[in-house]
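Engineer: sharing a model that was predicted from the sequence below.
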Amino acid sequence: MTSVESVRAELAVLHAKGLAGDIPRRRVDGLLAEKTVALYRAAVLSRLPDDERILAEHHAALGHLHLAESVLREPDQEAVSLFLTDRRLIRVRALLSSARPASLSDEDGTVIDEVRLDEIEGLAVRREVRWGEVAAGVAIAAFALFFKSWLLITGTFLLALGGLGVLHALLVPTRWIEILAPQRLAPEPWRILAARKKSARTLRRSLADLLRRRSSTAPR
């Protein structure tokens, strides 16, 4: 049994134990998250030659922007894992669902693609206001104002909460790192999500160092 098949089997067993209640839900969710990352890593390692190794990796899920216990409780969250070597950047994308374990198959829409380092043109920081959070904050504040005479102390609290939500969304926008590559090589944008996470910073720094080194040694 290959490493990928071994981890896939472990995931299936864990998921079954979680459904049966043999392992506490919180504990099994954490184990499933760890094994899911291990499955993606095993799949990437199976594509690499013996003299190529993973230097840095980063995992995120669209929506919550982290691969953690709470994500695996919500269906159809897109997981994005990036693995950096000294030659390429490999991306694994799949849908996470509490109804089934990750399998690296068509069932969870797994896509594995890569871009060579010499094809990457650079890195760019992107930001976007959290409009969803703004809308939620405005809705809470409007509700508090409309029902102020009935809510009394709670109304003041909700008004402050809504205002703080709007303020947070405007002052702390969503931030990611876009990896610039020709459209023909990367038809879908390559992004380092959850850019404030330690693993994202490490990946960005390692990738920037590799690109700088390649640039300095390239023939002029």
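Structural biologist: Perfect, thanks for sending it.
Engineer: and the helices in the protein?
Structural biologist: Using DSSP state H, the helices of the chain run over 3-20, 25-45, 131-146, 148-151, 153-171, 198-217.
Engineer: do you know which of those lies nearest residue 120?
Structural biologist: Closest of those to residue 120 is helix 198-217, at 6.2 Å (criterion: C-beta to C-beta). C-beta coordinates here come from the backbone N, C-alpha and C atoms, glycine included.
Engineer: looking at the helices of the chain, which is buried most?
Structural biologist: Neighbour counts (mean count of other C-beta atoms under 10 Å) averaged over each of the helices of the chain peak at helix 25-45, with a mean of 19.
Engineer: for the record, mean pLDDT for it?
Structural biologist: Averaged across helix 25-45, the pLDDT comes to 87.
Engineer: and stretch 91-105, by the same measure?
Structural biologist: 84.
Engineer: quick one: terminal-to-terminal distance for it?
Structural biologist: One end of stretch 91-105 sits 15 Å from the other (C-alpha to C-alpha, to the nearest Å).
Engineer: got the buried residues for it?
Structural biologist: Across stretch 91-105, burial judged by 16 or more other C-beta atoms under 10 Å covers 91, 92, 93, 94, 95, 96, 97, 98, 101, 102, 104.
Engineer: what's the third one in contact with, if anything?
Structural biologist: Just to be clear, that refers to residue 93. Counting by C-beta atoms under 8 Å, 6 or more residues apart in numbering, residue 93 touches 78, 79, 80, 81, 109, 110, 111, 112.
Engineer: and the fifth one, by the same measure?
Structural biologist: If a contact means C-beta under 8 Å, 6+ apart, then residue 95 has 76, 77, 78, 79, 108, 109 as its contacts.
Engineer: so which of these belong to strands?
Structural biologist: 77, 78, 79 (DSSP state E).
Engineer: centroid-nearest residue for the protein?
Structural biologist: Residue closest to the average C-alpha location in the chain (C-alpha atoms, centre = their mean): residue 60, at 1.2 Å.
Engineer: who is that one paired with across the strands?
Structural biologist: Beta-bridge partners for residue 60, by DSSP bridges, are residue 80.
Engineer: still on that earlier bit, dump the helices of the chain into TSV; add distance to residue 182 as well.
Structural biologist: Shown next, in TSV, are these (distance: least, C-beta to C-beta, whole Å):
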stretch	distance to residue 182
helix 3-20	30
helix 25-45	23
helix 131-146	30
helix 148-151	56
helix 153-171	34
helix 198-217	15
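Engineer: what's the closest of the ones you listed to residue 119?
Structural biologist: helix 198-217 (10.7 Å).
Engineer: please pick the buried ones from the contacts of residue 95.
Structural biologist: 77, 79, 108.
Engineer: which among those residues gets closest to residue 211?
Structural biologist: Set against residue 211, the nearest of those by C-beta to C-beta is residue 79 (25.4 Å).
Engineer: that closest one against residue 94, yeah?
Structural biologist: Yes - the criterion here is C-beta atoms under 8 Å, and residue 79 meets it with residue 94 at 5.4 Å.
Engineer: who touches both of these two?
Structural biologist: In contact with both residue 79 and residue 94: 40, 102, using C-beta under 8 Å, 6+ apart.
Engineer: how near is the nearest residue to residue 168 once chain neighbours are set aside to residue 199?
Structural biologist: Excluding the flanking residues, the one nearest residue 168 by C-beta to C-beta, 6 or more residues apart in numbering is residue 133, at 6.8 Å. Counting by C-beta to C-beta, to the nearest Å, the gap from residue 133 to residue 199 is 24 Å.
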